[in-house]
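Undergrad: build me a structure from this.
(2 chains)
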There are 2 protein chains.
Amino acid sequence: MAYLLVVDSSMRGDASVSRRLTGLATARWLATHPSGRVVRRDLEAHPVPHLDHVAGAARRTPPDQHTSAQAERWQLAEELIGEVRDADAVVVGFPLYNWGPPSTVKAWVDNLFAPGLSRERGTGKGLLGATRFIVFATRGGGYGPEAPKYGWDHATPWLVHALSALGIVPEVIAVEMTLSVVNLALESFRPMMERDLAVAEAAIAKLW
Amino acid sequence: MAYLLVVDSSMRGDASVSRRLTGLATARWLATHPSGRVVRRDLEAHPVPHLDHVAGAARRTPPDQHTSAQAERWQLAEELIGEVRDADAVVVGFPLYNWGPPSTVKAWVDNLFAPGLSRERGTGKGLLGATRFIVFATRGGGYGPEAPKYGWDHATPWLVHALSALGIVPEVIAVEMTLSVVNLALESFRPMMERDLAVAEAAIAKLW
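TA: Down below sits the predicted model:
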């Protein structure tokens, strides 16, 4: 049965713009896939482990020679990779924290790298390209060419490169200036956020 | 008493180039600071928690109104920030994992952001500029202008920007092509790594 994988990472709960967007996308998907189901992975509530020496060894050692600790990490890789590979589509809520990805998302993506599972052994060819992958990139400030912090968004460029090594070409829908709602000093930028939100909502309505 | 803060993050243990470099820098510092001591933070062995809704609330709530969970996260921020602020110098082993920072380092840096502790309330001015900060950036491949993956190092550019918001201007010493030792297909690049290593070792000898 077709399912949508919904990955959230924001720490802002109900105030989160990325969660609002993944929620809208989920509603849209369910409306267009009445018999589909939704699988949720909330990385903020339930982070996956960092890459460490056990996870590294699990990737270098043939599975039939794994220690029990390595087998556990390999099984996690199989689970996380299978969840993406078998999904009809993946939607990811991806806020910008201190100009980089949430550490929880970095850990999740690191876990998605496993030779033989997500990349062909030898060639390194990405094996997850059959899954549609949509990223809702939300940013507290503005990072366009005209902004003082142009070039400070190190999250989306990283994610696009990393996913490409898995065969995935993500569709990125961005909303900037989300802090304009909570930070009085940024209030004048609120129309920019509203404009981005309107564009994002229109894009969501056309996803499926 | 003066101390050196040594932060490691590599999952490769004794085979790690970044750990070798932080080790050399530590030896050099001890040789030139005979009465100094070394404080170690191994983020691979003992990761710090991700930013989550508790840590976020702790940063928005006056400390005297913290819940006990928030107080715990605020205390961790005080500990981590104080460790950097009070150090004579910080050396960080910073490998590149899947073209981004280790998730453990991202989580550590996220924890270093706290209004009133590491950044002036209101202005956002960084308060940690008095500490010398040295980063050993190690990369499995090559990311210079002539490399096919030029622009794929999303770790060091992020770290330099994030630290600058804390008032820190890091000194970055980079070694590339570290995978040339373990990956036969990259063996011909080993002289590039050896050259980088020699430059790094000469730089370490001049740090103090």
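Undergrad: what element comes up after the longest helix seen in chain A heading to the C-terminus?
TA: Counting residues, the longest helix in chain A under DSSP state H turns out to be helix A:68-85. On the C-terminal side of helix A:68-85, the nearest following helix or strand under DSSP states H and E is strand A:89-95.
Undergrad: need the residues of chain A near chain B, please.
TA: A:11-13, A:44, A:47, A:50-53, A:55-56, A:97-104, A:106-107, A:109-110, A:113, A:151-152, A:154, A:157-158, A:161-162, A:165 (Cβ under 8 Å from any Cβ of the partner chain). The C-beta positions use only the backbone N, C-alpha and C, and glycine is treated the same way.
Undergrad: ok, now with 6 Å
TA: A:11, A:13, A:44, A:47, A:50-53, A:56, A:97-100, A:103-104, A:106-107, A:110, A:113, A:152, A:154, A:158, A:161-162 (Cβ under 6 Å from any Cβ of the partner chain).
Undergrad: so among these, which ones count as buried?
TA: A:11, A:44, A:47, A:50-53, A:56, A:97-100, A:103-104, A:106-107, A:110, A:113, A:152, A:154, A:158, A:161-162 (16 or more other Cβ atoms under 10 Å in any protein chain shown).
Undergrad: which ones are touching the closest residue to A:Phe113 other than its chain neighbours?
TA: Spatial nearest neighbour of A:Phe113, chain neighbours left out: B:Asn98 (5.7 Å); criterion: Cβ to Cβ, 6 or more residues apart in numbering or on different chains. Applying Cβ atoms under 6 Å, 6 or more residues apart in numbering or on different chains, we find B:Asn98 in contact with A:Asp110, A:Phe113, A:Ala162.
Undergrad: show me where chain A has helices.
TA: Ranges of helices within chain A are A:17-32, A:53-60, A:68-85, A:103-112, A:156-164, A:190-205, based on DSSP H.
Undergrad: look up how far chain B lies from the most centrally placed residue in chain A.
TA: Taking Cα atoms, centre = their mean, the centroid of chain A lies closest to A:Val92, which sits 3.7 Å from it. Remark: distance between A:Val92 and chain B (Cβ to the nearest Cβ, to the nearest Å) = 15 Å.
Undergrad: tell me how many other residues crowd the nearest residue to that residue once chain neighbours are set aside.
TA: Using Cβ to Cβ, 6+ apart and skipping the chain neighbours, the partner closest in space to A:Val92 is A:Val7 (4.5 Å). A:Val7 has 23 neighbouring residues, counting by other Cβ atoms under 10 Å in any protein chain shown.
Undergrad: now that we're looking at A:Val7, what pLDDT does it have?
TA: On the pLDDT scale, A:Val7 is placed at 98.
Undergrad: that one and A:Thr156, how far apart?
TA: Separation of A:Val7 from A:Thr156 (Cβ to Cβ, to the nearest Å) stands at 15 Å.
Undergrad: again, but for A:Ala55
TA: A:Ala55 is 25 Å from A:Thr156, by Cβ to Cβ.
Undergrad: of those two, who's got more company?
TA: For A:Ala55 versus A:Thr156, neighbours defined as other Cβ under 10 Å are more numerous around A:Ala55 (24 against 19).
Undergrad: need the contact list for the closest residue to the more buried one other than its chain neighbours.
TA: Once flanking residues are discounted, A:Ala55 sits nearest to A:Arg73: 4.5 Å by Cβ to Cβ, 6+ apart. A:Arg73 sits next to A:Val54, A:Ala55, A:Ala58 when contact means Cβ under 6 Å, 6+ apart.
Undergrad: of those, closest to B:Ile134?
TA: Nearest to B:Ile134 among those, counting by Cβ to Cβ, is A:Ala55 at 27.5 Å.
Undergrad: just to revisit the earlier point, quick check, pLDDT for the residue nearest to A:Phe113.
TA: pLDDT recorded at B:Asn98 is 98.
Undergrad: also A:Gly129?
TA: So, for A:Gly129, pLDDT stands at 97.
Undergrad: and the gap between A:His53 and A:Pro101?
TA: 22 Å.
Undergrad: before we move on, what about A:Thr32?
TA: 29 Å.
Undergrad: more neighbours, these two?
TA: A:Pro101 (29 against 10).
Undergrad: which residues touch that one?
TA: A:Ala155.
Undergrad: ok, now with 7 Å
TA: A:Phe94, A:Ala155, A:Trp158, A:Leu159, B:Gly100, B:Lys106 (Cβ atoms under 7 Å, 6 or more residues apart in numbering or on different chains).
Undergrad: now, which of these sits nearest A:Leu127?
TA: Distances from A:Leu127 to the contacts of A:Pro101, taken by Cβ to Cβ, are shortest for A:Leu159, at 17.9 Å.
Undergrad: ok, the closest one - how many residues close by?
TA: With other Cβ under 10 Å as criterion, A:Leu159 counts 25.
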